[in-house]
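Colleague: Starting from these lines, generate the structure:
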Amino acid sequence: MTGTDPYGPPQEPRSNPYGPASSGADAVDTDAVDTGAAGPGLPGYGDGAAWTSPPAAGAQGAGLADPAPRRGLSRGAWIALAASIVVTLLLVLGLVAGFVLAVRSAASSDDWSSSSSDPGMTTEDGTVLDANGSPVLGVGTIDAPATAGEHSLRWPSDDGGTITVHVTAIDWDADTEVEAADPLNDPPPDGYMYALVSLDVTYAGTGWINAYDSLSVYAESPSSTMGQWDTTARPAQPLWRAGGITDGETASGQIVMPVLRDEAASSAISIATWNGTPLYVR
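Modeller: Predicted structure coming up:
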């Protein structure tokens with residue numbers, strides 16, 4: 001008894017939709033595909049190690065060599081190094097400049113000290129004269145001042161001539177006169193009053209002088225010294241208005257300055273030329 005095949009008659013094998021299978025070296029081992037091994041027809045898949053090992057050096061990008069490792073400093077590092085060098089140079093230059101200035105300052109101080117004691121920068125002593133022009137000894141100090149209206153004060157000038165100052169009067173309480181001289185004059189500071197000095201300045205020499213600028217005039221008391229530049233008050237006949245004088249000429253005028261009210265009785269007027277020792281008058 002012949003049995004019937006439960007699966008039906010044998011079927012013809014299906015045709016390969018991709019065409020006939022290659023033979024020889026081009027045949028593909030389907031088992032190799034499942035295990036990761038490929039035949040020679042699939043480059044790169046013929047060795048199972050291709051899935052577990054990195055490609056050999058140079059395998060990627062045919063004809064391209066491996067990049068050489070970077071050597072030296074990067075661009076940012078070079079910039080940072082250059083910046084640090086510049087900062088260091090600036091600091092060094094600053095230190096050098098400070099040292100030079102300090103040396104010059106010290107040298108200037110030494111030069112000033114030397115010049116102040118230079119025999120060529122001598123201070124000229126003044127002389128007190130009587131009405132006849134004869135020297136008067138022992139007069140003209142703060143303790144023994146010369147007398148206004150009676151004595152004159154004389155100093156040598158730069159050109160070998162002389163500057164002679166004759167104080168004609170001193171008004172120790174001249175607030176009313178100064179106020180009347182100019183309504184814009186400020187009153188004296190608290191505790192002070194105005195002293196008004198009237199004087200004649202005579203020059204003998206080969207050049208000329210400005211009488212006001214050639215003199216330093218102060219009112220000195222036991223606890224205060226106030227000069228002609230310590231007030232903006234304007235007297236009725238200011239000496240600065242006289243201007244310059246030449247040989248044999250005389251400039252007349254007034255100088256006003258504050259003086260302590262409580263010490264006016266013990267004050268004296270100090271007068272000196274720019275390079276002369278001060279002489280006192282009261």
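
Colleague: Show me the shaky parts of the chain.
Modeller: Within the chain, the segments meeting pLDDT under 70 span 1-73, 100-122.

Colleague: tell me the strands in it, going along the chain?
Modeller: Ranges of strands within the chain are 127-129, 152-156, 162-171, 192-204, 208-210, 215-221, 224-227, 244-246, 250-260, 268-273, 279-281, based on DSSP state E.

Colleague: angle of the second one against strand 268-273?
Modeller: When you say that, I think you mean strand 152-156. Here strand 152-156 points in a direction 30 degrees away from that of strand 268-273 (axes from the mean of the first three to the mean of the last three CA atoms, to 10 degrees).

Colleague: Pretty sure residue 257 sits against residue 195.
Modeller: Yes. Contact criterion CB atoms under 8 Å: residue 257 and residue 195 qualify, at 5.8 Å. Where C-beta positions appear, they are placed from N, C-alpha and C, glycine not excepted.

Colleague: Need the residues touching each of the two.
Modeller: Common neighbours of residue 257 and residue 195 (criterion: CB atoms under 8 Å, 6 or more residues apart in numbering): residue 219.

Colleague: returning to what we had before: can you say which of the strands of the chain is packed in most?
Modeller: Of all the strands of the chain, strand 279-281 carries the top mean neighbour count, a mean of 25, counting by mean count of other CB atoms under 10 Å.

Colleague: just checking, what packs against that strand?
Modeller: The criterion is 3 or more CB pairs under 8 Å, 6 or more residues apart in numbering; DSSP states H and E, and the helices and strands that strand 279-281 contacts are strand 268-273.

Colleague: Can you name the residues in contact with the strand it packs on?
Modeller: With CB under 8 Å, 6+ apart as the criterion, strand 268-273 contacts 124, 126, 142, 145, 148, 153, 155, 157, 163, 165, 167, 170, 195, 197, 199, 214-220, 225, 278-282.

Colleague: partners of it in the sheet?
Modeller: Sheet pairing of strand 268-273 (DSSP bridges) gives strand 215-221 (antiparallel), strand 279-281 (antiparallel).

Colleague: Stretch 143-162: end-to-end distance?
Modeller: 25 Å (CA to CA, to the nearest Å).

Colleague: export the strands of the chain to a markdown table and tack on distance to residue 90?
Modeller: Output for the strands of the chain, formatted as a markdown table (distance: least, CB to CB, whole Å):
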| stretch | distance to residue 90 |
| --- | --- |
| strand 127-129 | 61 |
| strand 152-156 | 55 |
| strand 162-171 | 55 |
| strand 192-204 | 54 |
| strand 208-210 | 50 |
| strand 215-221 | 48 |
| strand 224-227 | 48 |
| strand 244-246 | 53 |
| strand 250-260 | 53 |
| strand 268-273 | 51 |
| strand 279-281 | 57 |
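
Colleague: Out of the ones you listed, which gets nearest to residue 180?
Modeller: Closest to residue 180 of the strands of the chain, according to CB to CB: strand 192-204, at 11.3 Å.

Colleague: what angle separates the closest one from strand 268-273?
Modeller: Counting by the same axes, to 10 degrees, strand 192-204 points 30 degrees away from the direction of strand 268-273.

Colleague: got the contact list for residue 221?
Modeller: Residue 221 sits next to 259, 260, 263, 264, 266, 267 when contact means CB under 8 Å, 6+ apart.

Colleague: Residue 240 too?
Modeller: Contacts for residue 240 (CB under 8 Å, 6+ apart) come out as 212, 213, 253.

Colleague: In a markdown table, list these along with distance to residue 232.
Modeller: Formatted as a markdown table, the contacts of residue 240 follow (distance: CB to CB, whole Å):
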| residue | distance to residue 232 |
| --- | --- |
| 212 | 15 |
| 213 | 17 |
| 253 | 16 |
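
Colleague: Kindly indicate which of the residues you listed lies nearest residue 182.
Modeller: The shortest approach to residue 182 among those belongs to residue 253, at 14.5 Å (CB to CB).

Colleague: pretty sure that closest one is touching residue 238, no?
Modeller: Yes. With contacts counted by CB under 8 Å, residue 253 reaches residue 238, the gap being 5.6 Å.

Colleague: shared neighbours of those two, anything?
Modeller: In contact with both residue 253 and residue 238: residue 212, using CB under 8 Å, 6+ apart.

Colleague: which among the contacts of residue 240 gets closest to residue 230?
Modeller: Using CB to CB, residue 212 comes nearest to residue 230 of the contacts of residue 240, at 14.9 Å.
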